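A.B. asks: here you go, sequence then predicted model.
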Amino acid sequence: MEIHTRRHRTKQIQDQENIYAIKGKANVAIPTKKQGLTVRGALGDINTNVQTQREIGGKVAVATAEFEKKATLNRAVVKSNYSHVQSKVDTGLAASKVAVIQPSSRPPLRREESTAGLAARAAARNRAILKDVQNKPSELKESINIYIQTKKVQETKKTSKLPTLKENKEIRAVQPFLKVSTESLSKLKLEEGQGTTSIIDRKKLAQATLKQDLNVTPQLPDDIEDIDAGDNNSPLLMSIYIKDIYKYLTELEEKYPIEVEHLKHQKEITGKMRATLIDWLVEVQRQFSLVLETFHLTVGIIDRYLQEVPTLPRTQLQLVGVTAMFIASKYEEIYAPDIGDFVYVTDNAYSRAEMFQCERDIMAKLGFCLARPIPLSFLRRFVKAAHGTSKNHHLAKYFVDLCLVEYSMAHYRPSELAAAAICLSLYLLSSKKLEEVWTPTLSYYSGYSLEHIDPIIRKLAKIVVNVDNCKYKAVYNKYLDTSLARVSSLHQLKGEAIAELAKMPSNYD
């Protein structure tokens, strides 16, 4: 009987297996796994088959409740593990691990469900932490208290509302700026020594002092034109204090003079050697396309240095000249030539080290001061006062450059050379006499009378007339350029007017 019953049960099991083994045929129901019965693994899914198991009752319900309690307590750890894996997924560091993770068959939660679940999880986590703390030392309790206090402070900050911009304006409007009224401020007294002076009196005193400072430059006479009156709207022309600037330049001329025959103490250097050097520097200026200010400053540095060093060897004269132009180019030029360029133009007669040493020596002898004015600065001012043309300006610059080469003209001040040059230029390019050309306005702004500059004009005329017979042709060739109006080839420079000035002695001798 037992054998028969056992065979019957075995047959039932085999029949059931045969039914399950049939695949691909219609009307055969293969049992599948019900949704909601799986339990998530490392990613933190939980068992959702709670309701079905609770319906069974008895021990199954009790086991399910215990499982739910354990799952609730371990959700914090599970969530942290999931966050760790998710961060690696986002950064691509754990791509191989992500491949084995199976997506959940559970449908995505709505926002209301997800937020409710987060709140429930947070509450369960807090209860679990508090329960664990009860069994731990007091140190952990203190840390939990600090954590709770911190959360309360954060919640207080979030709930506190900052006043808006409109409320701030209303608050500032209500609060008084000063406790004392403005009327009492006008009665305030300031102590000065033994007495007191009111603010109003001090204001009047400051205005009077300002007017006195502005009136340092004397008022123009009635017959003198104010050549700066139309420059008030141009900040580059500095019409407010341009007169004081030229007054200061005149003082610098007197402070750094060049003596008459300043090479008389030199043992080897002569005037002809100086003229040869400066004539060569004119060609260097043209080769490097340097501005005229650089050339004028170069000549001033050379004369001041030769006046301070009376024992310069003749072999060092060219080194002094090229180093002086190197210094002047750094002072005036936007893009100064390199020291190697100056070594090249000397045909490597001097090294870079020798030029640097000469530069230090020159600056030390000049007291590191290059503030001595140049003739070109005054010439621009005088051309403006004479209402001269560009041709007058170029011709006057030609006369000044000729004077810089000539040793006998080196002791004249830059302003004297500029005044004589513009006067001769105006005279040759017009049919007026010298007395008519040198107007009271020119006399006022230059500071020289015609009697003072007449001898300089006649010496300059003699130099211009003898240019053809002079071996120093660099300045003459330079002003043959069309950009300078070819003033060195003007027929007025070979006319009777300039010849008479060169022959006749000065009327004021």
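C.D. replies: Nice, thanks for sending it over.

A.B. asks: okay, now the unreliable bits of the stretch 401-509 of the chain?
C.D. replies: Screening the stretch 401-509 of the chain residue by residue with the criterion pLDDT under 70, one finds the ranges 506-509.

A.B. asks: if we go to 80?
C.D. replies: By pLDDT under 80, the weakly predicted segments of the stretch 401-509 of the chain are 504-509.

A.B. asks: helices of that one, start to end?
C.D. replies: Assigned by DSSP state H, counting those that start in this stretch, the stretch 401-509 of the chain shows helices spanning 414-428, 434-437, 440-446, 450-465, 474-478, 496-503.

A.B. asks: from these, which stretch is densest packed?
C.D. replies: helix 414-428 (a mean of 26; mean count of other Cβ atoms under 10 Å). C-beta here means a position set from N, CA and C on the backbone, and glycine is covered the same way.

A.B. asks: how about Leu484, nearest residue that isn't a chain neighbour?
C.D. replies: Take Leu484 and drop its neighbours on the chain: the residue closest to it by Cβ to Cβ, 6 or more residues apart in numbering is His394, 5.0 Å away.

A.B. asks: and that neighbour, what does it touch?
C.D. replies: Contact analysis of His394 by Cβ atoms under 8 Å, 6 or more residues apart in numbering lists 479, 484-485, 487.

A.B. asks: what do you get for Val465?
C.D. replies: Shown in contact with Val465 (Cβ under 8 Å, 6+ apart): 493-494, 498-499, 502.

A.B. asks: just say helix, strand or coil for the nearest residue to Lys384 once chain neighbours are set aside.
C.D. replies: Closest residue to Lys384 in three dimensions, ignoring its sequence neighbours and counting by Cβ to Cβ, 6+ apart: Ile227, at 5.6 Å. Classification of Ile227 using DSSP: H, G, I helix; E, B strand; the rest coil returns coil.

A.B. asks: thought Ile227 was touching Ala385?
C.D. replies: Yes: assessed by Cβ atoms under 8 Å, Ile227 is found in contact with Ala385 at 5.3 Å.

A.B. asks: what's the overlap in contacts for those two?
C.D. replies: 441, 445.

A.B. asks: which stretches of the stretch 201-350 of the chain form strands?
C.D. replies: Counting by DSSP state E, counting those that start in this stretch, no segments of the stretch 201-350 of the chain form strands.

A.B. asks: what about the helices in it?
C.D. replies: If you assign secondary structure with DSSP H, counting those that start in this stretch, the helices in the stretch 201-350 of the chain sit at 242-255, 271-288, 292-308, 317-332, 339-345.

A.B. asks: could those helices be laid out in CSV, adding mean pLDDT?
C.D. replies: Compiled in CSV, those are given as follows (pLDDT from 0 to 100):
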stretch, mean pLDDT
helix 242-255, 95
helix 271-288, 96
helix 292-308, 97
helix 317-332, 97
helix 339-345, 96
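
A.B. asks: tell me which of those helices sits nearest to Ile453.
C.D. replies: Distances from Ile453 to each of the helices of the stretch 201-350 of the chain were compared using Cβ to Cβ; the shortest belongs to helix 242-255, at 14.6 Å.

A.B. asks: now do the buried residues in the closest one.
C.D. replies: Along helix 242-255, these residues count as buried under the neighbour rule (16 or more other Cβ atoms under 10 Å): 243, 246, 249-250, 253.
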